[in-house]
Structures are given as structure tokens and as C-alpha cells.
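In: Just a sequence and a predicted model for now, questions to come.
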Amino acid sequence: MPAPVPRQRAIPAAEGGQAPAAAPLKGLAQASPEAETAAHTNLTLLLIEDDPGGSPIVPDLLDQSGRPIRVRTARNLTEAERLLTDDVHCILLDLALPAPGRAGADDELAVLKHVLRIAPRHAVLALTGADDTERGAEAVRVGAQDYLVRDELDGRLLSRAIRYAVERKRSDSAERRLAEGRVRAQENRRLERGLLPTPLLDGSSLRFAARYRPGRSRALLGGDFYDVVRTPDGTVHAMIGDVCGHGPDEAALGVELRIAWRALTLAGLCGDELLGTLQQVLEHERPDDEIFATLCTVDIAPDGRRAGLCLAGHPSPLLARPGTPARLLPYDNNGPALGLLPNARWPRMQVELGAEWSLMLYTDGLIEGRVGDTGERLGQEGMVDMIRRQLAAGLSGEELLRTAVNEVRDLNGGELTDDVAVLLLDRGV
């Protein structure tokens, strides 16, 4: 049986390659002793042909900097797999070699395809005869970096071909990794975009706006989450939450909690019963027992004039009404964050909203940014002052949220490191 292929590192070898076949190249294995003792950064060639002793001796092989290219020889594929170690950069394959088993019965490039499978990260040069150049060209189409004609081979040509094959393989591999990275990034963005909520407000007179900015670089989704739904009785339920942490695991957990909240809300749960069930979901789904989540839920009565408020370790919403300064809703009965205390309770507070109002829910990313060079955080008081000023300037809806998030970022002197989610519900006369 063939010896197992050693695990390959990301060495300066190329990834995959092929070339045509030909008669044996004897004597090529007789590289100079200097090549065998050269530093590990020297290029190494693995010659695979069945009769290396009978070919003319090729002169010394040198890389671009003049250092010797080391040469190893294998008389068959089994021996080649044993010699295919991490420091091999290029393979010179005699296409006239018999393929393993019965693979070559109907495929004259079976031996090349076998080498490409066992050495996908290495450059491959195919060796063929002068009367078999068509097979050499076909070998390049299959995956070899180039093909060489045995009778035209000399040390200078072979040295150059090895260098070019290795660089071509590196370039091809880099382009493939870049393309794969782009595809993965596009898929991730489509997935994350699909996980962002679509508010269910059909039949409601309330206006909705939201702003979301993940703290992770190049991400669309962070550990913050929000949602808004209207139940058949006309009640509008809004929620915003924050899973501690900023990685993809926290983002996934936030999505799970949001989906669970929507399902439980549509099933008729609210207040303490709803939050207790969400805590059970969190405890079963979190990757670590120290992970917790803060949450704020609001259920607005069908007439739009009052609401129930539950806080689980989360900042209190901001209420703005015409003729009165914007203020924070009561924070007195705030319960613990989800996942901190077993059998916790979360009191539901009744809040009078009035006939015309704006209610802003937010995560702590909006209030924990720094203010200039002082090192101080914006805090809730600073945020309230900022929103009052922007409301006085006539801002509302999407424009208000966009301006608020941008100003917080500017005060911080750059991008915020924490996720930021803000949603706004408005009721006009």
C-alpha cells in the first residue's frame, strides 16, 4: 500500500499542477552535494520516473538567487508519496509512468491526476517526449503548471521552469483563496442580512425606525438584537436586547433569543412569564455559563396611550412628548439580566405615554462611547441631552437615529467598539 502522505504546511510550494509524459530522465537525481546541504529555504524538486539512472545527467539546477535546487527521485508513485514531505516545492512527473491499479486503462493522464490528488498544493511539471506534445498540452489543461520535452531539456531550462511553476502555483492559489474568501463573505452577508428582523406592524398606526451598527469589523450582525410585532388584539410589542460579548457566537445567540421572543409573544406570553422562558432558552443555548443577556420589552396598548415595561438589566427607554423635555422611563423595578440568577423575577411597570409621543429603545453601545479626549463615557444623561437637542432641531424617525449614532461615533473619535442598536416608535395625533 502507498505510504500515507505527510500533512503539508503552507510552505512556499504551489497548489496543484500537471504536465505531459515522456521517457525517463536518468541521472537527474545526482544533484550536487551543496544542494543537499543547502538551507531549508532552497527549492526542492521531486522527480518521479521509473528509470532515473538512464537519463543524461542534467547540469546543476539553480534558483533565481543562484542557490542550488535540491533534487529527490522516486521510481514509482508509492515511493513518491513517501518522499513528498513539506519541503518539496515542485514535482517533475514522467507521464509515461504506469497509473496506479487499473486507473490508466482508458485515461493516459491517470498518473498525473493521481499526483494532483496527493499533492494539491504543489507545482507540477509534466515530462513528455517530442512526439507526445499533445498529451503535454492536455496535462496543462488538466492542472499541471507546464510541460517539458525530454529531448530539449537542459539545466537552465529546467531551473527556469521550476521557478516559474512554483510562482504560478502560488499566484493561482492566492487568487483562488481570494475568490473563495469573497464568496464566503458574500454568503455571510446574505445570511446575516436575512437574520435581521422584519417588523410585523400591519394594521398599526405607529411609525417604526431602527438603526443597527455591529462592533465586529466587516460584520452585519452583532450580539445586539431587537424586534417589533403586533398581536391580533392590537397590542404592539417591542423588544431590544444585548448578549454580552461581540463575537459570532454572541451574534448567533442574539438571533436565537430574538426568534424565541417573537414566537413566545405571538403565542400570548408577556412580562415575567415571557422573560422567564427566554432565560431558559439562554441557559440551554449559551456556549458558556457566564454568558448573559440584558433585555427591555415594551407592550403598547391598542389605544397607544399606555404601555407595560419590563427591564432585565437593560437601560430604560427614552420617552419624548411635545411640549416636555425628553426623559428616561422609570428604572426602579429593573430585574436582573437573563442568565444571571435562577428563578429570577421581572416586574412589569405601567407607563402613561399620552396622545402623541416618541419612544426610543437602545443598547448600551449608544451610551458607553467616550467623549473626546476626556476618557469619560457619554452615559445616559449625555445621551438624553443629545436627543433633546436633536429633537429641538426638528429631527425625527430614521434621520434622528442616524444623526444620533453618527454623533456618538464622532464624540468617540472613531468607530465604536461595541454593538449599537436603536429603535424608535412614534405615535402622532
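Out: Structure received.
In: Tell me how many other residues crowd residue 137.
Out: 16 (other C-beta atoms under 10 Å). Heads up, the C-betas are built off the backbone N, CA and C, glycines and all.
In: I'd assumed it was in a helix, is it?
Out: Yes. Counting by DSSP: H, G, I helix; E, B strand; the rest coil, residue 137 is part of a helix.
In: give the contact list for residue 322.
Out: Listed by C-beta atoms under 8 Å, 6 or more residues apart in numbering, the contact set of residue 322 reads residue 356.
In: Distance check, residue 302 against residue 126.
Out: 77 Å (C-beta to C-beta, to the nearest Å).
In: Specify which residue of those two has the higher count of neighbours.
Out: Neighbours per residue, other C-beta under 10 Å: of residue 302 and residue 126, the larger number sits with residue 126, 33 against 13.
In: where's the more buried one, which helix or strand?
Out: Using DSSP states H and E, residue 126 sits in strand 123-128.
In: quick check, distance from that strand to the centre of its chain.
Out: In this view, strand 123-128 has its centroid 36 Å away from the chain centroid, taken as C-alpha atoms, centre = their mean, to the nearest Å.
In: Direction included, what does it pair up with?
Out: Next to strand 123-128 in the sheet, as set by DSSP bridges, lie strand 90-94 (parallel), strand 146-149 (parallel).
In: And the contacts of stretch 285-292?
Out: Taking C-beta under 8 Å, 6+ apart as the rule, stretch 285-292 contacts 243-245, 249-250, 253, 256, 282, 313, 337-340.
In: Among those, which ones are in helices?
Out: Of these, the ones assigned to helices by DSSP state H are 249-250, 253, 256, 282.
In: JSON lines for those residues, including pLDDT, neighbour count and distance to residue 147?
Out: Formatted as JSON lines, the ones in helices among the contacts of stretch 285-292 follow (pLDDT from 0 to 100; neighbours: other C-beta atoms under 10 Å; distance: C-beta to C-beta, whole Å):
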{"residue": "249", "pLDDT": "87", "neighbour count": "16", "distance to residue 147": "49"}
{"residue": "250", "pLDDT": "89", "neighbour count": "24", "distance to residue 147": "52"}
{"residue": "253", "pLDDT": "93", "neighbour count": "24", "distance to residue 147": "54"}
{"residue": "256", "pLDDT": "93", "neighbour count": "18", "distance to residue 147": "55"}
{"residue": "282", "pLDDT": "97", "neighbour count": "23", "distance to residue 147": "61"}
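In: Can I get those residues in JSON lines including distance to residue 146?
Out: As requested, these are exported to JSON lines (distance: C-beta to C-beta, whole Å):
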{"residue": "249", "distance to residue 146": "46"}
{"residue": "250", "distance to residue 146": "49"}
{"residue": "253", "distance to residue 146": "51"}
{"residue": "256", "distance to residue 146": "52"}
{"residue": "282", "distance to residue 146": "58"}
